[in-house]
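> When you get a sec, could you give me coordinates for this:
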Amino acid sequence: KDVIKNCLAMHGVRSLSKNDIDYHPLHDYGSRKGREHHDFSYHNGDVWLWLAGPAIEGLIGIGEYKKAYNLNRKLVERLLTRGALGTLCEILDGDNDSDSLGHSCGTISQAWSLAEFVRVFYQCWLGIKPDAINRTLILMPQLPDELRRITVTSFQNEGKINITYKKSKEGRLAIKILPI
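Just a heads-up that it's a prediction; the model follows:
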């Protein structure tokens with residue numbers, strides 16, 4: 001809860017609280033005159049997109065579904081409209097109130113940022129938790145209200161299955177699993 005209170009931004013998680021005296025919100029690569037060296041912000045205020053994964057998982061864990069979904073939506077919007085299409089960048093400026101998706105910094109495509117986005121979608125929202133030792137697939141979804149129907153393909157052992165989630169207007173969830 002402390003991380004959420006002190007480090008959560010509308011577009012991700014800051015590496016240091018805005019209240020810390022060492023907080024540096026802008027990663028500028030020398031493009032902004034009069035600012036300190038860009039690496040001052042690297043671990044002292046930049047938003048690391050991979051940290052959104054544990055933050056979303058934590059928010060879901062404490063029942064803050066709306067906050068979790070809003071952060072996830074920012075990642076989806078960034079994934080589809082910013083930088084290299086279909087991937088997520090490394091870091092963003094810690095402060096950027098004029099742009100709800102944040103100002104991109106660092107590498108334009110970072111594997112761990114995208115990996116956390118995918119992990120959270122499958123494990124937290126869809127609740128897909130494979131148990132390889134027992135050859136079991138556990139489903140414990142936490143679908144947000146905005147996702148009424150979704151079908152995913154999951155690879156299990158040597159085969160594939162389609163998992164369809166359908167949520168009624170009353171909030172009941174039906175799950176259909178079909179081998180492919």
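> going forward, measure contacts and count neighbours with C-alpha atoms only.
Fine.
> who's in contact with the helix or strand of the chain with the lowest mean pLDDT?
Every helix and strand in the chain was compared by mean pLDDT, DSSP states H and E; the lowest is strand 104-105, with a mean of 82. For strand 104-105, the surrounding residues in contact (C-alpha atoms under 8 Å, 6 or more residues apart in numbering) are 27-28, 83, 89-93.
> Okay, and the beta partners of residue 150?
In this entry, residue 150 is beta-bridged to residue 165, by DSSP bridges.
> Make sure it is actually in contact with residue 173.
No - counting by C-alpha atoms under 8 Å, residue 150 stays clear of residue 173, with 11.3 Å between them.
> Quick one: residues in contact with the helix or strand that contains residue 76.
Here residue 76 is covered by helix 65-81, with elements defined by DSSP states H and E. With C-alpha under 8 Å, 6+ apart as the contact definition, helix 65-81 has outside contacts at 10-12, 52, 55-57, 59-60, 85-88, 100-101, 117, 144.
> so after it, what's the next helix or strand?
For helix 65-81, the following helix or strand on the C-terminal side (DSSP H and E) is strand 91-92.
> Adjacent strands (with direction) for that following strand?
When DSSP bridges is applied, strand 91-92 pairs with strand 47-48 (antiparallel), strand 104-105 (antiparallel).
> Now render those strands as JSON lines, adding distance to residue 3 and mean neighbour count.
Listed next are the strands paired with strand 91-92 as JSON lines, based on distance: least, C-alpha to C-alpha, whole Å; neighbours: other C-alpha atoms under 10 Å:
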{"stretch": "strand 47-48", "distance to residue 3": "12", "mean neighbour count": "28"}
{"stretch": "strand 104-105", "distance to residue 3": "22", "mean neighbour count": "19"}
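> ok, so what distance separates residue 26 from residue 7?
Between residue 26 and residue 7 the distance is 15 Å, computed by C-alpha to C-alpha, to the nearest Å.
> higher neighbour count, those two?
residue 26 (26 against 21; other C-alpha atoms under 10 Å).
> What segments of the chain are helices?
2-7, 52-61, 65-81, 111-119 (DSSP state H).
> just the CA coordinates of the third one, formatted as CSV?
By that I understand helix 65-81. The C-alpha trace of helix 65-81 is given here as CSV (Å, rounded to 0.1, in the frame of the first residue of the first chain):
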residue,chain,number,x,y,z
TYR,A,65,-9.8,-3.4,-9.3
LYS,A,66,-10.7,0.0,-10.8
LYS,A,67,-7.2,1.4,-10.1
ALA,A,68,-5.6,-1.8,-11.5
TYR,A,69,-7.7,-1.7,-14.6
ASN,A,70,-7.0,2.0,-15.2
LEU,A,71,-3.3,1.4,-15.0
ASN,A,72,-3.6,-1.6,-17.3
ARG,A,73,-5.6,0.5,-19.8
LYS,A,74,-2.8,3.1,-19.9
LEU,A,75,-0.4,0.3,-20.8
VAL,A,76,-2.7,-1.0,-23.6
GLU,A,77,-3.1,2.5,-25.0
ARG,A,78,0.7,3.0,-25.0
LEU,A,79,1.2,-0.4,-26.5
LEU,A,80,-1.1,0.5,-29.4
THR,A,81,-0.2,4.2,-30.0
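> Good, we can wrap up now.
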